[in-house]
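Student: pasting the sequence and the predicted model now:
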Amino acid sequence: MKEIDLLPEWYKSGRCRKVGYRTQYIALGGVFVLMLTWNFVTTHSISKATAQIACAQSKQAETISAAQEFGKLRSELAQLQKKTGVLDELGSKINVAGVLAELSFLIDEKVVLSQVDFKAEKFADSPGSKANSVTAVRAAGNNFARNELPGQVRFKVVISGVASDAGDVAELICRLEESPYFFLVYPSFSRNAEIKAPAKSSTENLQVSEFEISCYLANYSEKWK
């Protein structure tokens with residue numbers, strides 16, 4: 001038996017076209033969805049990368065600021081260390097008031113001081129070498145003056161005045177030697193002298209012993225190699 005197709009060709013062609021259009025619409029829709037998905041993923045990646053770049057730039061700026069601050073602090077520390085070194089070199093490291101108080105304790109009413117000199121001397125490079133010296137602190141009456149001597153120094157104390165007799169001078173030397181403030185005590189000179197008596201006294205002149213004593217402050221120790 002032979003089958004007879006009663007559908008016209010135009011109908012068949014139109015139906016094929018509809019199927020083709022539907023396939024194209026589905027394919028275009030898939031491509032559109034794929035493009036939207038790709039666009040969303042790309043936009044998210046770009047936003048994430050932008051945020052990471054901004055964060056990296058912020059951290060970089062913080063790092064640069066911290067590095068600059070560290071450099072500034074290091075420079076200030078170097079300046080402070082330099083100033084500290086200068087102060088260590090210039091500082092006399094002596095308590096003048098304490099030394100004068102010790103002298104007042106050691107000197108009795110039979111001795112009157114006319115002058116107290118503090119002389120700073122650079123330490124000798126060897127036991128036989130001669131040290132350079134300048135006056136570092138001068139105490140005369142109530143007047144004080146200070147001139148710093150750079151470097152490590154020791155202080156020589158020169159005491160001048162008058163005593164009732166030579167025995168009082170010798171006693172003062174003994175007291176200075178026993179004091180923990182002084183050492184290497186030696187008399188520079190001791191001689192008889194006359195001074196004018198007070199106006200109400202019947203004696204015209206008084207016999208006294210004029211002296212000068214030198215010693216060193218015991219605030220250091222020497223080590224010879």
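Tutor: In hand now; what should we look at? Nothing here was measured: the structure is a model prediction, and the numbers come from that model.
Student: now do the buried residues in the longest strand along the chain.
Tutor: Criterion DSSP state E: the longest strand present in the chain is strand 182-196. Buried residues in strand 182-196, defined by neighbour count with 16 or more other Cβ atoms under 10 Å: 182, 185, 187. The C-beta positions use only the backbone N, C-alpha and C, and glycine is treated the same way.
Student: just the helices from the chain, written as ranges.
Tutor: In the chain, the helices defined using DSSP state H lie at 9-90, 96-106, 166-178.
Student: ok, the residue nearest to Val153 when sequence neighbours are not counted to Phe182 distance?
Tutor: Leaving aside its chain neighbours, Val153 sits nearest to Ala120 (4.3 Å; criterion: Cβ to Cβ, 6 or more residues apart in numbering). For Ala120, the distance to Phe182 equals 16 Å [Cβ to Cβ, to the nearest Å].
Student: can you check Val96 too?
Tutor: Distance, Val96 to Phe182, using Cβ to Cβ: 14 Å.
Student: same question, Phe70
Tutor: As judged by Cβ to Cβ, Phe70 and Phe182 stand 50 Å apart.
Student: map the structural domains onto the sequence of this structure.
Tutor: Residue ranges for the domains of the chain, per automatic domain parsing: 1-90, 96-217.
Student: so what's the gap between the first one and the chain middle?
Tutor: In this view, domain 1-90 has its centroid 52 Å away from the chain centroid, taken as Cα atoms, centre = their mean, to the nearest Å.
Student: pLDDT averaged over it - what is it?
Tutor: Average pLDDT, domain 1-90: 80.
Student: equivalent analysis for stretch 120-128, please.
Tutor: Across stretch 120-128, pLDDT averages out at 60.
Student: that older thread, dump the helices of the chain to TSV, plus mean neighbour count.
Tutor: Formatted as TSV, the helices of the chain follow (neighbours: other Cβ atoms under 10 Å):
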stretch	mean neighbour count
helix 9-90	10
helix 96-106	14
helix 166-178	17
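Student: quick one, which of those is nearest to Ser209?
Tutor: Across the helices of the chain, Ser209 has its closest neighbour in helix 166-178 (4.9 Å, Cβ to Cβ).
Student: give the other helices and strands that the closest one contacts.
Tutor: Packing partners of helix 166-178 (3 or more Cβ pairs under 8 Å, 6 or more residues apart in numbering; DSSP states H and E): helix 96-106, strand 111-122, strand 182-196, strand 205-217.
Student: and of these, who's closest to Arg74?
Tutor: Comparison of the helices and strands packed on helix 166-178 against Arg74 by Cβ to Cβ identifies strand 111-122 as nearest, at 33.4 Å.
Student: sorry, back to before: shared neighbours of Val96 and Phe182, anything?
Tutor: Common contacts of Val96 and Phe182 (Cβ atoms under 8 Å, 6 or more residues apart in numbering): none found.
Student: adding distance to Val112, write the helices of the chain out as a markdown table.
Tutor: Below are the helices of the chain laid out as a markdown table (distance: least, Cβ to Cβ, whole Å):
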| stretch | distance to Val112 |
| --- | --- |
| helix 9-90 | 34 |
| helix 96-106 | 12 |
| helix 166-178 | 10 |
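Student: out of these, which is closest to Ile195?
Tutor: When those are compared by Cβ to Cβ, helix 166-178 sits nearest Ile195, at 14.6 Å.
Student: and that closest one with strand 111-122, angle?
Tutor: Angle, helix 166-178 to strand 111-122, by axes from the mean of the first three to the mean of the last three Cα atoms, to 10 degrees: 40 degrees.
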